[in-house]
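1. Have a look at this prediction, sequence included:
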Amino acid sequence: MTIIDLEKVEEGFLGFSWAQLSPRDRLKVMAGAPKTVWIFGAGASHHYNLNMRNIPVPLANDFFSAFNELPTSDGFNAHVGPLISYLQHNRGIKPDDVPQWTENIEAFMTSIESELDHLKRKKEKEEIDAQEMQDIFLLSSVFNNMNFIFANVVNEAQNGPSFSLYSHLLNFCGPNDTFITFNWDTLLDRALASAGGWTPNNGYGLTFSSALDGTWRSEVESSPIFPTEWKLLKLHGSTNWLVPYTYVNLETFEYRSLVPESDLFLYWQSSLPYETFKSRWRGGYVPTCYCYYPPNLPVEGFSYEQLSAGNGHMFAQVGLGGIFSPFKEPTGEGVPSSPLLITPVRQKRYDLFQSKIESLWQQAEAGIRTAEKIVIIGYSFPQTDIRPLKLLRSALDLRGGEISVEIVAPDAKEIASWIGNDYLKKACSLLTHSLKFEEYLQILWKSSPQLMKQAAEKHSEVMAWLERIYIIGQKATEIYR
């Protein structure tokens, strides 16, 4: 016999009770929820501004505004010289005018790539002159430079408490959900880890050679406190996934690595100094975030053949007096690294890191094809992102009438139009929310009383707990009247 009538209990109390459930208990009662694939774009992370300068994690059209307002552009803590030099010599933008320059980052990177491709074709025909050869060096330098600037702007913007809107979203996710993101930031990673049902050791769908967790280890020293099937698939890479230093080869114009086909390394956290380029470590970063220069990779993670120059070749080091230090800077042990990022050019080259990224795409495809529900938040499926669009359309084609779709973004109706009415009409239902992420969470929150009712009706333990706290609340009200 129940003490309370769920139909008569105030919704405010039921919503409060849902919020008081621990993540472990909430996921137990959500075990039967529809398997959902959540797809995130930059608009989902743009809400976060808990860094010391209150600058939101940037979108493509305000990336350079964030660059100029965050520590990335301050002093000698970041190496931004190639970018500034390129802007002055090739765009006519003086260093003093850079803070007013706000070009869309995707358009900017595409223009760099287009110029390099043009010069590559001329070089193949031996039609290149001395000035164009200088342009090649400048373009290659800025392309290499931007990979680190991307990571640093994101790291500086997300360098704050781990609590974000993603943390709220997890209150409404089932234990079998999959999270697909095209963002480089680690806000969702941290939210998943903080919830207690996910670990970076196997939660990314990738295998890492080793992880920096205070020191380099075989894996992060943590384990989930309750089981889930949560997977976080980051299809454009992540700021905390590291590979040996990558750069544009001046002979082939291809993006390559110091150690081709190397294993992948994970940066998780370190409050103490670690080896990095020229030992330019700086502290003050929360887990998953680091200063401009990522950690050097441990030599133990490579074979002798991988680290050798090869027959007929040798390594040479040139030491130049610079502006970063009045004294000679140490070399630093280990292999210099780069973040593994699919950079924002119009024609994204997924084959650059095919051995690392392709398995994630396959897992994403499998997740979408077995999903009952797909929720797209802050991702517009831009016309240049051909592969993600094909992935969604294919799933809707194959499983007509079996998948419900929700689109959350201020321009949700335009996104639906781009996905295509012919495809979306094959969904068993379609909801477009012309809202920001935080506004959508308010809609989810309104469902919490009903979720609490369902949990109490299904689980006797939940019903008994609900009755206990209800009676306590009633007695407290009587006492303090």
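-> Sure, I can see it.
2. in a strand, that's where residue 159 is, yeah?
-> No. Secondary structure of residue 159 (DSSP: H, G, I helix; E, B strand; the rest coil): coil, not part of a strand.
3. so who does it touch?
-> Taking C-beta atoms under 8 Å, 6 or more residues apart in numbering, we find residue 159 in contact with 51-52, 284-286, 289. C-beta coordinates here come from the backbone N, C-alpha and C atoms, glycine included.
4. can we see that at 10 Å?
-> 50-53, 70-71, 284-286, 288-291 (C-beta atoms under 10 Å, 6 or more residues apart in numbering).
5. Next: residue 68.
-> Contact partners of residue 68, counting by C-beta under 10 Å, 6+ apart, are 55, 74, 98-102, 153.
6. now residue 330
-> So residue 330 contacts 275, 278-280 (C-beta under 10 Å, 6+ apart).
7. re earlier: so which of the contacts of residue 68 is the most crowded?
-> residue 153 (28 neighbours; other C-beta atoms under 10 Å).
8. which element is that residue on?
-> Per DSSP states H and E, residue 153 falls inside helix 130-157.
9. Residue 413 now?
-> Using DSSP H and E, residue 413 falls in helix 412-419.
10. residues of that helix that come out buried?
-> The neighbour-count criterion (16 or more other C-beta atoms under 10 Å) identifies 412, 415-416, 419 as the buried residues of helix 412-419.
11. ok, and for the helix holding residue 153, which residues are buried?
-> Of the residues in helix 130-157, 135-136, 138-157 count as buried by neighbour count, 16+ other C-beta under 10 Å.
12. Beyond that helix, next helix or strand please.
-> Next helix or strand after helix 130-157 toward the C-terminus (DSSP H and E): helix 165-169.
13. what sits against the residue most central in space within the chain?
-> Nearest to the geometric centre of the chain sits residue 184, at 2.9 Å (C-alpha atoms, centre = their mean). By C-beta under 10 Å, 6+ apart, residue 184 lies in contact with 42, 45, 57, 150-151, 153-155, 158, 234, 236-241, 339-344.
14. could you redo the last one with a cut-off of 7 Å?
-> Residues near residue 184 by C-beta atoms under 7 Å, 6 or more residues apart in numbering: 150, 154, 236-239, 341.
15. From residue 40, how far off is it?
-> Separation of residue 184 from residue 40 (C-beta to C-beta, to the nearest Å): 11 Å.
16. what does residue 161 give?
-> 19 Å.
17. Ok, residue 400 next?
-> 25 Å.
18. Those two: which has the busier surroundings?
-> Between residue 400 and residue 40, counted using other C-beta under 10 Å, residue 40 has the larger neighbour count: 26 against 13.
19. Which pLDDT does the model give the more buried one?
-> Per-residue pLDDT puts residue 40 at 98.
20. Go ahead and confirm it touches residue 183.
-> Yes. Shown here, residue 40 and residue 183 form a contact pair, counting by C-beta atoms under 7 Å, at 6.1 Å.
21. Please name every helix or strand in contact with the helix holding residue 413.
-> Packing partners of helix 412-419 (3 or more C-beta pairs under 7 Å, 6 or more residues apart in numbering; DSSP states H and E): strand 429-433.
22. what sits up against the strand it packs on?
-> Residues external to strand 429-433 that are found in contact with it (C-beta under 7 Å, 6+ apart): 404-408, 412-413, 416, 424, 440, 443.
23. immediately after it, which helix or strand?
-> Next element after strand 429-433 (DSSP H and E): helix 437-446.
24. did I read that right, residue 256 in a strand?
-> Yes. The assignment for residue 256 is a strand, going by three-state DSSP.
25. Kindly provide the distance from it to residue 67.
-> 26 Å.
26. again with residue 254
-> For residue 254, the distance to residue 67 - C-beta to C-beta - is 27 Å.
27. For the two, indicate the residue with more neighbours.
-> Taking other C-beta under 10 Å, residue 254 and residue 67 do not tie; residue 67 has more neighbours (26 against 11).
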